[in-house]
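Visitor: Structure for the following, please:
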Amino acid sequence: QVRLVESGGGLVQTGDYLRLSCKASERIFANYAMAWFRQAPGKEREFVASISWSGGDTIYAHSVKGRFHIFRDNAESTVDLQMYNLKPEDTAIYYCAGSTNTGTAATSGEFFTYWGQGTQVTVSS
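Guide: Residues are numbered from 1 along each chain as shown. Predicted coordinates for the structure are as follows:
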């Protein structure tokens with residue numbers, strides 16, 4: 001069974017930096033898009049960032065554009081999310097997602113087949 005395992009979450013202060021990492025247990029995503037989503041307490045899951053199979057195309061949510069950077073290493077089956085200048089509103093559980101439907105970066109969760117268990121990011125003010 002394919003597993004996605006996130007790491008790197010934690011408690012930080014406003015303006016700090018965090019790097020999240022997601023590793024797939026099998027090398028099945030090299031030709032497919034991957035993404036990060038998040039869910040804050042009492043809110044629905046929302047799209048954060050997505051990257052195409054090659055890494056050549058990326059999409060970011062408006063709220064994180066210019067502060068977050070998604071990149072991948074297909075040889076290592078990883079996708080990372082660098083988060084700069086963190087804000088309290090970034091507090092959420094962050095989920096890694098892998099597609100087996102499309103190689104193009106996508107914003108909708110319906111395109112993603114596999115999901116990690118999530119890692120908590122808490123930004124204090």
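
Visitor: Spatially central residue for the chain, please.
Guide: Geometric centre of the chain, nearest residue: Trp36, 2.2 Å, by C-alpha atoms, centre = their mean.

Visitor: Parallel or antiparallel, which strands does whichever strand or helix holds that one pair with?
Guide: For Trp36, the host element (DSSP states H and E) is strand 34-39. Sheet pairing for strand 34-39, assigned by DSSP bridges, gives strand 46-51 (antiparallel), strand 92-98 (antiparallel).

Visitor: mind checking which of those strands is nearest Gln120?
Guide: Checking the strands paired with strand 34-39 against Gln120 by C-beta to C-beta gives strand 92-98 as the closest, at 5.5 Å. Backbone N, C-alpha and C define where each C-beta goes, glycine included.

Visitor: What count of nearby residues applies to the residue nearest to Ser77 when sequence neighbours are not counted?
Guide: Of all residues not flanking Ser77 in the chain, Ala24 sits nearest, at 4.2 Å (C-beta to C-beta, 6 or more residues apart in numbering). The local packing of Ala24 (other C-beta atoms under 10 Å) involves 22 other residues.

Visitor: my guess is Ala24 meets Glu76, correct?
Guide: No - applying C-beta atoms under 8 Å as the test, Ala24 and Glu76 come out as separate, 9.2 Å apart.

Visitor: Would you mark the buried spots in the strand holding Trp36?
Guide: Met34, Ala35, Trp36, Phe37, Arg38 (16 or more other C-beta atoms under 10 Å).
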